[in-house]
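Novice: Provide a 3D model corresponding to the input given below.
(one chain, ligands or ions: 1)
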Amino acid sequence: MPTLEPEQLAIREMREDEAPIVLELLKDGFKDTENRLILYVLTRPLALLLMAVVSSGLRFFLNSFVVALVLPVVLTVVALKLLLWRSPDLRHLYAYYNVGQRGIWVAVYDEDDVCGCVALEPWSGEPGAAELKRLAVNRWYRRSGVGRRLLSFLENQARAQGFKFLVAQVSVVTKAAIGLFENTGYKVSGGRQWLGYTIQQEFIKELL
Ligand SMILES: CC(C)(COP(=O)(O)OP(=O)(O)OC[C@H]1O[C@@H](n2cnc3c(N)ncnc32)[C@H](O)[C@@H]1OP(=O)(O)O)[C@@H](O)C(=O)NCCC(=O)NCCS
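Specialist: Here you go, the predicted structure:
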(Lines give C-alpha, C1' and ligand atoms only; values in the text may rest on other atoms or scores of the structure.)
Protein backbone atom coordinates (compact mmCIF):
# COMPACT_ATOMS: atom_id res chain seq x y z
CA MET A 1 0.00 0.00 0.00
CA PRO A 2 1.77 3.24 -1.12
CA THR A 3 1.71 6.30 1.12
CA LEU A 4 0.25 9.12 -0.93
CA GLU A 5 0.65 12.82 -0.40
CA PRO A 6 -3.02 13.93 -0.54
CA GLU A 7 -2.14 17.29 -2.11
CA GLN A 8 -0.37 15.49 -4.99
CA LEU A 9 -3.61 13.76 -5.97
CA ALA A 10 -5.90 15.66 -8.32
CA ILE A 11 -9.17 14.71 -10.02
CA ARG A 12 -9.99 16.20 -13.40
CA GLU A 13 -11.90 15.46 -16.59
CA MET A 14 -10.42 12.69 -18.71
CA ARG A 15 -8.69 13.97 -21.86
CA GLU A 16 -9.31 12.24 -25.19
CA ASP A 17 -5.71 11.03 -25.45
CA GLU A 18 -6.04 9.36 -22.02
CA ALA A 19 -8.86 7.03 -23.14
CA PRO A 20 -6.49 4.07 -23.96
CA ILE A 21 -4.79 4.34 -20.52
CA VAL A 22 -8.17 4.47 -18.79
CA LEU A 23 -9.42 1.48 -20.78
CA GLU A 24 -6.36 -0.52 -19.66
CA LEU A 25 -7.02 0.60 -16.09
CA LEU A 26 -10.61 -0.60 -16.35
CA LYS A 27 -9.62 -3.92 -17.94
CA ASP A 28 -7.08 -4.54 -15.20
CA GLY A 29 -9.55 -3.47 -12.52
CA PHE A 30 -12.30 -5.73 -13.78
CA LYS A 31 -10.22 -8.77 -14.77
CA ASP A 32 -10.25 -10.24 -11.25
CA THR A 33 -13.91 -9.33 -10.74
CA GLU A 34 -14.86 -10.86 -14.07
CA ASN A 35 -13.05 -14.15 -13.38
CA ARG A 36 -14.45 -14.38 -9.86
CA LEU A 37 -17.96 -13.61 -11.10
CA ILE A 38 -17.72 -16.28 -13.80
CA LEU A 39 -16.51 -18.81 -11.23
CA TYR A 40 -19.32 -17.78 -8.89
CA VAL A 41 -21.94 -18.16 -11.62
CA LEU A 42 -20.57 -21.50 -12.87
CA THR A 43 -20.47 -23.03 -9.40
CA ARG A 44 -24.11 -22.31 -8.46
CA PRO A 45 -25.89 -25.68 -8.06
CA LEU A 46 -28.49 -24.87 -10.73
CA ALA A 47 -25.80 -23.83 -13.25
CA LEU A 48 -23.90 -27.08 -12.54
CA LEU A 49 -27.09 -29.07 -13.05
CA LEU A 50 -27.86 -27.30 -16.35
CA MET A 51 -24.35 -27.94 -17.65
CA ALA A 52 -24.58 -31.59 -16.63
CA VAL A 53 -27.86 -31.91 -18.57
CA VAL A 54 -26.33 -30.24 -21.66
CA SER A 55 -23.24 -32.49 -21.40
CA SER A 56 -25.43 -35.60 -21.25
CA GLY A 57 -27.34 -34.38 -24.34
CA LEU A 58 -24.11 -33.67 -26.23
CA ARG A 59 -22.85 -37.17 -25.45
CA PHE A 60 -25.44 -38.50 -27.94
CA PHE A 61 -23.82 -36.49 -30.77
CA LEU A 62 -20.16 -36.47 -29.79
CA ASN A 63 -17.83 -39.43 -29.51
CA SER A 64 -15.65 -37.88 -26.88
CA PHE A 65 -16.83 -37.81 -23.28
CA VAL A 66 -14.24 -35.12 -22.44
CA VAL A 67 -15.41 -32.80 -25.26
CA ALA A 68 -19.07 -33.26 -24.22
CA LEU A 69 -18.08 -32.35 -20.67
CA VAL A 70 -15.84 -29.36 -21.46
CA LEU A 71 -17.80 -27.77 -24.34
CA PRO A 72 -20.72 -26.38 -22.26
CA VAL A 73 -18.28 -24.90 -19.74
CA VAL A 74 -16.17 -23.24 -22.47
CA LEU A 75 -19.25 -21.88 -24.26
CA THR A 76 -20.69 -20.52 -21.01
CA VAL A 77 -17.39 -18.81 -20.13
CA VAL A 78 -17.13 -17.25 -23.62
CA ALA A 79 -20.78 -16.08 -23.50
CA LEU A 80 -20.31 -14.55 -20.04
CA LYS A 81 -17.09 -12.77 -21.09
CA LEU A 82 -18.80 -11.33 -24.18
CA LEU A 83 -21.79 -10.25 -22.09
CA LEU A 84 -19.64 -8.53 -19.47
CA TRP A 85 -17.68 -6.50 -22.06
CA ARG A 86 -20.69 -5.64 -24.22
CA SER A 87 -21.20 -2.18 -22.72
CA PRO A 88 -21.31 0.53 -25.43
CA ASP A 89 -19.30 3.02 -23.35
CA LEU A 90 -16.15 0.87 -23.38
CA ARG A 91 -15.85 1.05 -27.16
CA HIS A 92 -15.86 4.87 -27.26
CA LEU A 93 -15.06 6.01 -23.74
CA TYR A 94 -14.40 9.67 -24.54
CA ALA A 95 -17.26 10.19 -27.00
CA TYR A 96 -19.75 8.26 -24.84
CA TYR A 97 -19.13 10.29 -21.69
CA ASN A 98 -18.96 13.66 -23.40
CA VAL A 99 -22.64 13.84 -24.17
CA GLY A 100 -25.33 15.61 -22.12
CA GLN A 101 -25.11 15.02 -18.37
CA ARG A 102 -22.59 12.20 -18.63
CA GLY A 103 -18.97 12.67 -17.60
CA ILE A 104 -15.75 10.78 -16.95
CA TRP A 105 -12.92 11.87 -14.63
CA VAL A 106 -9.47 10.62 -13.78
CA ALA A 107 -7.46 10.70 -10.57
CA VAL A 108 -3.93 11.86 -11.35
CA TYR A 109 -1.00 11.50 -8.98
CA ASP A 110 2.05 13.72 -9.22
CA GLU A 111 0.64 15.61 -12.23
CA ASP A 112 0.75 12.85 -14.84
CA ASP A 113 0.21 9.40 -13.33
CA VAL A 114 -3.38 8.38 -14.08
CA CYS A 115 -4.19 6.12 -11.12
CA GLY A 116 -7.99 5.95 -11.09
CA CYS A 117 -11.17 6.84 -12.90
CA VAL A 118 -14.90 7.22 -12.39
CA ALA A 119 -17.85 8.14 -14.61
CA LEU A 120 -21.38 9.44 -14.21
CA GLU A 121 -24.57 9.14 -16.19
CA PRO A 122 -28.25 9.80 -15.52
CA TRP A 123 -30.00 6.69 -14.19
CA SER A 124 -33.23 5.61 -15.79
CA GLY A 125 -34.41 3.68 -12.69
CA GLU A 126 -35.55 6.72 -10.70
CA PRO A 127 -36.12 10.41 -11.49
CA GLY A 128 -33.37 12.67 -10.16
CA ALA A 129 -30.90 9.79 -9.83
CA ALA A 130 -27.49 9.43 -11.42
CA GLU A 131 -25.45 6.25 -11.74
CA LEU A 132 -21.83 5.84 -10.77
CA LYS A 133 -19.96 3.98 -13.50
CA ARG A 134 -16.44 2.80 -14.21
CA LEU A 135 -14.91 3.24 -10.80
CA ALA A 136 -11.43 1.71 -10.76
CA VAL A 137 -8.11 2.38 -9.07
CA ASN A 138 -4.75 1.15 -10.33
CA ARG A 139 -3.82 -1.86 -8.15
CA TRP A 140 -0.56 -0.15 -6.98
CA TYR A 141 -2.59 2.72 -5.54
CA ARG A 142 -5.34 0.74 -3.81
CA ARG A 143 -6.11 1.09 -0.10
CA SER A 144 -4.63 4.60 -0.13
CA GLY A 145 -7.85 6.56 -0.23
CA VAL A 146 -8.02 7.14 -4.01
CA GLY A 147 -11.34 5.28 -4.37
CA ARG A 148 -12.86 7.23 -1.49
CA ARG A 149 -11.67 10.52 -3.04
CA LEU A 150 -13.12 9.60 -6.44
CA LEU A 151 -16.44 8.64 -4.86
CA SER A 152 -16.67 11.85 -2.86
CA PHE A 153 -15.75 13.86 -5.97
CA LEU A 154 -18.49 12.14 -7.98
CA GLU A 155 -21.09 12.79 -5.28
CA ASN A 156 -20.24 16.52 -5.36
CA GLN A 157 -20.34 16.50 -9.14
CA ALA A 158 -23.75 14.78 -9.20
CA ARG A 159 -25.07 17.21 -6.58
CA ALA A 160 -23.82 20.18 -8.61
CA GLN A 161 -25.60 18.79 -11.68
CA GLY A 162 -28.87 18.70 -9.73
CA PHE A 163 -29.12 14.96 -9.00
CA LYS A 164 -30.73 13.90 -5.71
CA PHE A 165 -29.50 10.30 -5.55
CA LEU A 166 -26.42 8.39 -6.60
CA VAL A 167 -26.75 4.72 -7.52
CA ALA A 168 -24.03 2.10 -8.02
CA GLN A 169 -24.34 -1.43 -9.40
CA VAL A 170 -21.78 -3.66 -7.73
CA SER A 171 -20.94 -7.27 -8.47
CA VAL A 172 -21.38 -9.47 -5.35
CA VAL A 173 -17.81 -10.74 -5.69
CA THR A 174 -16.16 -7.30 -5.44
CA LYS A 175 -15.61 -7.15 -1.70
CA ALA A 176 -13.52 -3.94 -1.91
CA ALA A 177 -16.26 -1.99 -3.69
CA ILE A 178 -18.95 -3.36 -1.36
CA GLY A 179 -16.81 -2.28 1.63
CA LEU A 180 -16.34 1.16 0.09
CA PHE A 181 -20.08 1.75 -0.43
CA GLU A 182 -21.09 0.28 2.93
CA ASN A 183 -18.61 2.57 4.70
CA THR A 184 -19.66 5.74 2.91
CA GLY A 185 -23.38 5.81 3.69
CA TYR A 186 -24.84 3.75 0.82
CA LYS A 187 -27.77 1.36 1.34
CA VAL A 188 -28.63 -1.74 -0.64
CA SER A 189 -31.71 -0.94 -2.73
CA GLY A 190 -32.00 -3.94 -5.01
CA GLY A 191 -29.97 -6.25 -7.16
CA ARG A 192 -29.83 -8.38 -10.24
CA GLN A 193 -30.53 -12.09 -10.09
CA TRP A 194 -29.34 -14.97 -12.24
CA LEU A 195 -30.97 -18.39 -11.83
CA GLY A 196 -32.27 -17.16 -8.47
CA TYR A 197 -28.85 -16.04 -7.20
CA THR A 198 -27.93 -12.41 -6.60
CA ILE A 199 -25.00 -11.51 -8.85
CA GLN A 200 -25.16 -7.73 -8.54
CA GLN A 201 -26.12 -5.47 -5.66
CA GLU A 202 -27.55 -2.03 -6.17
CA PHE A 203 -26.42 0.66 -3.71
CA ILE A 204 -28.08 4.05 -3.35
CA LYS A 205 -27.32 7.24 -1.41
CA GLU A 206 -29.36 10.37 -1.06
CA LEU A 207 -27.22 13.41 -1.90
CA LEU A 208 -28.16 15.83 0.88
C1 LIG B 1 -13.08 -0.71 -5.30
C2 LIG B 1 -11.85 0.19 -5.51
C3 LIG B 1 -12.17 1.28 -6.50
C4 LIG B 1 -11.49 0.80 -4.13
O5 LIG B 1 -10.43 1.75 -4.35
P6 LIG B 1 -9.33 2.05 -3.23
O7 LIG B 1 -8.56 3.24 -3.65
O8 LIG B 1 -8.54 0.83 -2.93
O9 LIG B 1 -10.25 2.39 -1.96
P10 LIG B 1 -9.86 3.26 -0.69
O11 LIG B 1 -8.40 3.08 -0.35
O12 LIG B 1 -10.32 4.67 -0.89
O13 LIG B 1 -10.72 2.55 0.44
C14 LIG B 1 -11.95 3.10 0.89
C15 LIG B 1 -12.72 2.05 1.65
O16 LIG B 1 -13.14 0.99 0.77
C17 LIG B 1 -13.14 -0.26 1.48
N18 LIG B 1 -12.15 -1.16 0.88
C19 LIG B 1 -11.21 -0.85 -0.04
N20 LIG B 1 -10.52 -1.96 -0.39
C21 LIG B 1 -11.04 -2.97 0.34
C22 LIG B 1 -10.77 -4.37 0.41
N23 LIG B 1 -9.78 -4.93 -0.33
N24 LIG B 1 -11.53 -5.13 1.23
C25 LIG B 1 -12.51 -4.59 1.99
N26 LIG B 1 -12.82 -3.27 1.95
C27 LIG B 1 -12.10 -2.48 1.14
C28 LIG B 1 -12.74 0.08 2.92
O29 LIG B 1 -13.93 0.36 3.63
C30 LIG B 1 -11.93 1.35 2.72
O31 LIG B 1 -11.90 2.17 3.85
P32 LIG B 1 -10.72 1.96 4.93
O33 LIG B 1 -9.42 1.94 4.17
O34 LIG B 1 -10.87 3.13 5.83
O35 LIG B 1 -10.99 0.65 5.59
C36 LIG B 1 -10.63 -0.66 -6.00
O37 LIG B 1 -10.44 -1.74 -5.11
C38 LIG B 1 -10.74 -1.18 -7.42
O39 LIG B 1 -10.39 -0.48 -8.37
N40 LIG B 1 -11.25 -2.43 -7.60
C41 LIG B 1 -11.39 -3.04 -8.91
C42 LIG B 1 -12.51 -2.43 -9.73
C43 LIG B 1 -13.84 -2.40 -8.99
O44 LIG B 1 -14.23 -3.36 -8.32
N45 LIG B 1 -14.57 -1.28 -9.14
C46 LIG B 1 -15.84 -1.04 -8.48
C47 LIG B 1 -16.96 -1.14 -9.43
S48 LIG B 1 -18.47 -0.53 -8.72
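Novice: How about Phe165: what's its closest non-neighbour residue?
Specialist: Ala129 (4.0 Å; C-beta to C-beta, 6 or more residues apart in numbering). Any C-beta I mention is one placed from the backbone N, CA and C, and that applies to glycine too.
Novice: isn't that neighbour right next to Ala168, touching?
Specialist: No: look at Ala129 against Ala168 with C-beta atoms under 8 Å: they stay out of range, at 10.8 Å.
Novice: Find residues that contact each of the two.
Specialist: Ile204 (C-beta atoms under 8 Å, 6 or more residues apart in numbering).
Novice: So which of the two has more stuff around it?
Specialist: Shown here are Ala129 and Ala168; by other C-beta atoms under 10 Å, Ala168 has more neighbours (22 against 18).
Novice: show me what contacts the more buried one?
Specialist: 131-132, 135, 177, 181, 186, 202-204.
Novice: OK, contacts around Cys117?
Specialist: Here Cys117 is in contact with 14, 22, 25-26, 104-107, 134-136, 150 (criterion: C-beta under 8 Å, 6+ apart).
Novice: Equivalent analysis for Ile104, please.
Specialist: Contacts of Ile104 by C-beta under 8 Å, 6+ apart are 13-14, 22, 93-94, 97-98, 117-120, 134.
Novice: Is the host helix or strand of it in proximity to the ligand?
Specialist: Assigned by DSSP states H and E, Ile104 belongs to strand 103-109. No: Strand 103-109 is not in contact with the ligand by C-beta under 6 Å from any ligand atom; minimum separation 8.7 Å.
Novice: which element follows that strand toward the C-terminus?
Specialist: strand 113-122.
Novice: Help me see whether that following strand makes contact with the ligand, please.
Specialist: No: using C-beta under 6 Å from any ligand atom, strand 113-122 stays clear of the ligand, with a minimum separation of 6.7 Å.
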